[in-house]
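[1] got a sequence here, can you build the structure:
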Amino acid sequence: MTTLKILKYVLYDVLRSKMIIIYTLLLFAISFGIIYTGKDVSKAVISLLNIVLLVVPLVSIIFGTIHFYNSKEFMEMLLAMPVKRKNIFWAEYAGLSIALAAGFALGTGLPLLIYGGGAAGSFYLLLSGIFLTFIFTALAFLASVVNKDKAKGIGISLVIWFYMSVIFDALVLVLYFVFSSYPLEKATIIVSALNPVDLARILILLKLDVSALMGYTGATLQHFFGSAFGMLFSMGFLLVWAVMPTLLALRVFNRKNF
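    Modelled structure (predicted):
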């Protein structure tokens with residue numbers, strides 16, 4: 001059985017899930033409500049930014065973790081057949097990531113399209129949300145594959161989300177306060193690359209010309225990330241964040257005894 005055949009089955013199964021349907025409809029209702037109330041797509045993108053940075057990673061990592069554990073019997077059945085482990089893993093990861101990304105793109109992108117949100121800010125909002133979906137789904141699979149216990153896997157996933165979405169910025173502010181007397185421009189570039197949520201925030205807000213909302217990290221690096229190289233830097237590291245956890249999870253999956 002090839003990866004494509006397994007992928008079609010997984011994708012079909014996930015798309016029928018009530019969770020995906022509710023996720024898409026909820027995003028559509030929130031996005032449509034924000035844009036319709038504000039009558040300004042640019043301001044709506046700023047409001048939707050909080051959803052992209054908080055809700056999308058949370059749903060991706062929790063649903064990804066639950067899906068992995070719920071699919072164990074299916075994966076065990078496939079492993080009993082002459083099917084390569086990597087084919088099973090890539091089909092499961094790609095199927096779930098594509099379904100979640102499609103739900104986000106449809107739920108958030110359709111209201112933006114209806115109200116003519118073709119600006120750069122809207123494009124980068126959708127691009128960042130899709131990146132974060134693949135990244136946190138990969139982190140969900142990594143947390144799941146290293147823990148046989150479902151409760152521990154979900155707990156680790158929640159800790160990862162809470163750290164990247166909430167704690168990280170607080171730690172950065174403390175770090176900059178303690179070392180405020182030192183030049184930190186170069187160090188800030190490295191620190192910002194350590195968190196995909198921070199990179200996504202900078203990527204979106206730079207296209208909206210609202211640097212005051214970017215936080216300390218983004219404001220300090222506005223000049224760097226505003227350049228073409230800075231944009232490539234951001235998207236490049238978002239890609240790294242999507243690839244590295246996936247490859248690490250695949251390596252553990254290939255050696256794992258179910």
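[2] quick one: Thr133 and Val52, what's the gap?
    From Thr133 across to Val52, the span is 10 Å (Cβ to Cβ, to the nearest Å). In this view, the C-beta of every residue, glycine as well, is placed from N, C-alpha and C.
[3] between these two, which one's more packed in?
    Set side by side, Thr133 and Val52 show more neighbours around Thr133, with 28 against 25, by other Cβ atoms under 10 Å.
[4] next, that one: secondary structure please.
    For Thr133, the assignment made with DSSP: H, G, I helix; E, B strand; the rest coil gives helix.
[5] swap in Asn257?
    Per three-state DSSP, the local secondary structure of Asn257 is coil.
[6] so Tyr23 is in contact with Ala105, correct?
    No. Tyr23 is not in contact with Ala105 according to Cβ atoms under 8 Å; the separation is 11.6 Å.
[7] ok, these two, which is more surrounded?
    Set Tyr23 next to Ala105 and count neighbours by other Cβ under 10 Å: Tyr23 wins out with 22 against 17.
[8] residues contacting Ser60?
    Going by Cβ atoms under 8 Å, 6 or more residues apart in numbering, Ser60 touches Leu100, Leu132, Thr133, Ile135, Phe136, Thr137, Ala140.
[9] ok, so of those, who is nearest Val252?
    Minimum distance to Val252 across the contacts of Ser60 is 13.3 Å, recorded for Ala140 (Cβ to Cβ).
[10] can you name the residues that contact the closest one?
    Ser60, Ile61, Ile62, Phe63, Gly64, Thr65, His67, Phe68, Ser157.
[11] now swap in Leu248 and tell me
    Shown in contact with Leu248 (Cβ under 8 Å, 6+ apart): Leu142.
[12] report the mean per-residue pLDDT for the helix or strand where it lies.
    Using DSSP states H and E, Leu248 maps to helix 228-255. Helix 228-255 shows a mean pLDDT of 88.
[13] thanks a lot, see you next time.
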